[in-house]
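> The following block contains a protein sequence and its predicted model.
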Amino acid sequence: MKTIDFSSSSSPSDRRIGALLRHLTSGADSPIAKSSVLASPTSGVTGGSVFAHLVQAPEDPILGVTVAYNKDPSPIKLNLGVGAYRTEEGKPLVLNVVRKAEQQLINDRSRIKEYLPIVGLVEFNKLSAKLILGDDSPAIRENRVTTVECLSGTGSLRVGGEFLAKHYHQKTIYITQPTWGNHPKIFTLAGLTVKTYRYYDPSTRGLNFQGLLEDLGAAPPGSIVLLHACAHNPTGVDPTIQQWEQIRKLMRSKGLMPFFDSAYQGFASGSLDTDAKPIRMFVADGGECLVAQSYAKNMGLYGERVGALSIVCKSADVAGKVESQLKLVIRPMYSSPPIHGASIVAVILRDKNLFHEWTLELKAMADRIISMRKQLFEALRARGTPGDWTHIIKQIGMFTFTGLNPAQVSFMTKEYHIYMTSDGRISMAGLSSKTVPHLADAIHAVVTKAV
Ligand code: PLA
């Protein structure tokens, strides 16, 4: 339908009609107002909502656990769902070094709140690439790495996924079976086809290395492969360095494209360098890869949504073109990233003393998680709980993949107010010496009960 703008017409009679229309439509009960509003399904006057047909969507399998936990009035409730670090007192932790960095930022009156460039805070990007690839990385020295600040790990994966969907010749990404529940959704929405490769063997509660090699060996040449850099989520099972080397050789021989998800650098071993080793092995061979970094866990900056996507290229020339195209992905998605979280990270990474302090705080978090593993294992042993629970101490990082089934999880939630994801994953970082006995009691009850 063509609409005529009477108000701007040069004809006096048209302008009069325009004025009359405006007059008639300005009153709520004017005939024209009523009829035109009635005809509009989005108006407040007519009956049903245009969204009435929607079905209630289920809660997110991980974040929904917190929603359920928050509704539970029980004083003994325990949230082991989302991977968020808690202190021995069960409280969220803001790192001391983060407080110091924030104070520095606040004290600096010259700081402004202008938009960042599309690629984010340039200093943060440089420091992030160094943190993950190493101070002495030849790829950085040769300007072959392009890094863009993104919205934490999730945003980095999404931007990387969309970039690949647009510009890479292979549109299939292989992800581990099982994996973090958001991976398939992120990559599907980014425009890639998602397939899985074998990773975890429930019978050994360890790595199915043979299955992994077979599946990657059978993937079409050039396929993208998502690799958890360390502290695999949800299983806590990582390849050894020797196995990583075999994976690298196989992938390079088939031209598979590595896409690393590094959400837990420093959380697995307590050392930033050790946890970055698999990535550095791939970069050292001169080949290309993508790396998504998150500062949510290792700097405790969960809600600041700060992360980075690095793409290691064969030459500086290619890296420049890649960056120009990444900007075209980011600009219509969220325009440019936030300034605060990236500034905190930059302050810490650029200052030797703060950096050192951070590594100590990070190690303390990693050590507390390791100690929780030992305590839970001992508590089950003390109770004579049937089954082999050594995987609790063997697995790495934030999570233990207990092997409990959904019915057992649901029993523990109902009877013991312990909240965890239905796949039996528990966040060791949510546990404390005080709550270990309660969890051990619940596990003991559920495995001796034949739920
Ligand atoms: N990649 C992996 C493997 C993750 O486990 C997570 C977070 C992310 C990326 C994304 O983290 P970010 O966007 O916050 O940086 N996984 C959590 C939280 C800790 C979540 O589900 O969002 C988890 O409980 O699994």
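In hand now; what should we look at?

> Up against the ligand, what does the stretch 251-400 of the chain have?
By C-beta under 6 Å from any ligand atom, the part of the stretch 251-400 of the chain that sits against the ligand consists of Asp261, Ala263, Ser294, Ala296, Tyr302, Gly307. C-beta: built from backbone N, CA, C; applies to glycine.

> Which one (most neighbours) among these?
Gly307 (30 neighbours; other C-beta atoms under 10 Å).

> That one contacts Ala292, doesn't it?
Yes - judged on C-beta atoms under 8 Å, Gly307 makes contact with Ala292 at a distance of 6.7 Å.

> Now for those two: what residues contact both?
Residues touching both Gly307 and Ala292 (C-beta atoms under 8 Å, 6 or more residues apart in numbering): Cys150, Gly153, Ser156.

> domain assignment for this protein?
Split into domains by the TED database, the chain comes to 62-93+366-448, 115-350.

> closest to Pro41 out of those domains?
Nearest to Pro41 among the domains of the chain is domain 115-350; the distance by C-beta to C-beta comes to 28.2 Å.

> what's the spacing between the closest one and its chain's center?
With C-alpha atoms, centre = their mean, to the nearest Å as the basis, domain 115-350 stands 11 Å off its chain's centre.

> distance between the ends of it?
22 Å (C-alpha to C-alpha, to the nearest Å).

> Can you point out the buried residues in the one helix or strand Val322 maps to?
Assigned by DSSP states H and E, Val322 falls within helix 316-334. Residues Ala319, Val322, Glu323, Leu326, Val329, Ile330 are the ones in helix 316-334 that count as buried (16 or more other C-beta atoms under 10 Å).

> Now render those as CSV, adding pLDDT.
Shown next, in CSV, are these (pLDDT from 0 to 100):
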residue, pLDDT
Ala319, 98
Val322, 98
Glu323, 98
Leu326, 98
Val329, 98
Ile330, 98
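
> with those in mind, which one is nearest to the ligand?
Nearest to the ligand, judged by C-beta to the nearest ligand atom, of the buried residues of helix 316-334 is Ile330 at 15.8 Å.

> which residues sit in contact with that closest one?
Ile118, Val119, Val148, Cys150, Val159, Ser336, Pro337.

> Tell me which other helices or strands the helix or strand containing Leu189 touches.
Using DSSP H and E, Leu189 maps to helix 182-190. Other helices and strands packing on helix 182-190, by 3 or more C-beta pairs under 8 Å, 6 or more residues apart in numbering; DSSP states H and E, are helix 152-167, strand 172-177, strand 193-198.

> Could you list the alpha-carbon positions for the last one in CSV?
Only the C-alpha atoms of strand 193-198 are listed here, as CSV (Å, rounded to 0.1, in the frame of the first residue of the first chain):
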residue,chain,number,x,y,z
THR,A,193,27.1,-27.9,10.5
VAL,A,194,27.9,-29.7,13.8
LYS,A,195,29.1,-33.2,14.1
THR,A,196,30.6,-35.1,17.0
TYR,A,197,33.8,-37.1,17.5
ARG,A,198,34.2,-39.7,20.2
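
> Neighbouring strands - and their directions - for that strand?
Strand pairing for strand 193-198, using DSSP bridges, gives strand 172-177 (parallel).

> circling back: could I get the domains of the chain as TSV with distance to Phe51?
Listed next are those as TSV, based on distance: least, C-beta to C-beta, whole Å:
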stretch	distance to Phe51
domain 62-93+366-448	21
domain 115-350	21
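
> how about the nearest residue to Arg331, chain neighbours excluded?
Ranked by C-beta to C-beta, 6 or more residues apart in numbering and with sequence neighbours excluded, the top spatial neighbour of Arg331 is Ile118, at 5.4 Å.

> The one you found: neighbour count?
If you count neighbours by other C-beta under 10 Å, Ile118 ends up with 19.

> Could you do Asp285 as well?
Counted with other C-beta under 10 Å, residues neighbouring Asp285 total 11.

> Then Leu93?
Residues within reach of Leu93, counting by other C-beta under 10 Å, total 17.

> was I right about it contacting Arg99?
No - taking C-beta under 8 Å as the definition, Leu93 is not a contact partner of Arg99, at 10.7 Å.

> in the stretch 351-451 of the chain, which spans are strands?
Assigned by DSSP state E, counting those that start in this stretch, the strands in the stretch 351-451 of the chain fall at 399-401, 418-419, 425-427.

> Look up the closest residue to His183, ignoring the ones flanking it.
Ile175 (5.0 Å).

> Mind listing the residues bridging to the one you found?
On the basis of DSSP bridges, Ile175 is bridged to Thr196.

> Might you report the residue contacts of it?
With contact taken as C-beta under 8 Å, 6+ apart, Ile175 is in contact with His183, Pro184, Phe187, Val194, Lys195, Thr196, Tyr197, Leu226.

> Just the angle for whichever helix or strand Gly341 is part of relative to helix 152-167, thanks.
Assigned by DSSP H and E, Gly341 belongs to helix 340-350. Here helix 340-350 runs at an angle of 100 degrees relative to helix 152-167 (axes from the mean of the first three to the mean of the last three C-alpha atoms, to 10 degrees).

> Would you mark the buried spots in helix 340-350?
Judged by neighbour count using 16+ other C-beta under 10 Å, the buried positions of helix 340-350 are His340, Gly341, Ala342, Ser343, Ile344, Val345, Ala346, Val347, Ile348, Leu349.

> rewinding a little: I'd like to check the angle between the helix holding Leu189 and helix 152-167, please.
Using the same axes, to 10 degrees: helix 182-190 against helix 152-167 is 40 degrees.

> Only the buried residues of helix 182-190, if you could.
Of the residues in helix 182-190, Asn182, His183, Pro184, Ile186, Phe187, Ala190 count as buried by neighbour count, 16+ other C-beta under 10 Å.
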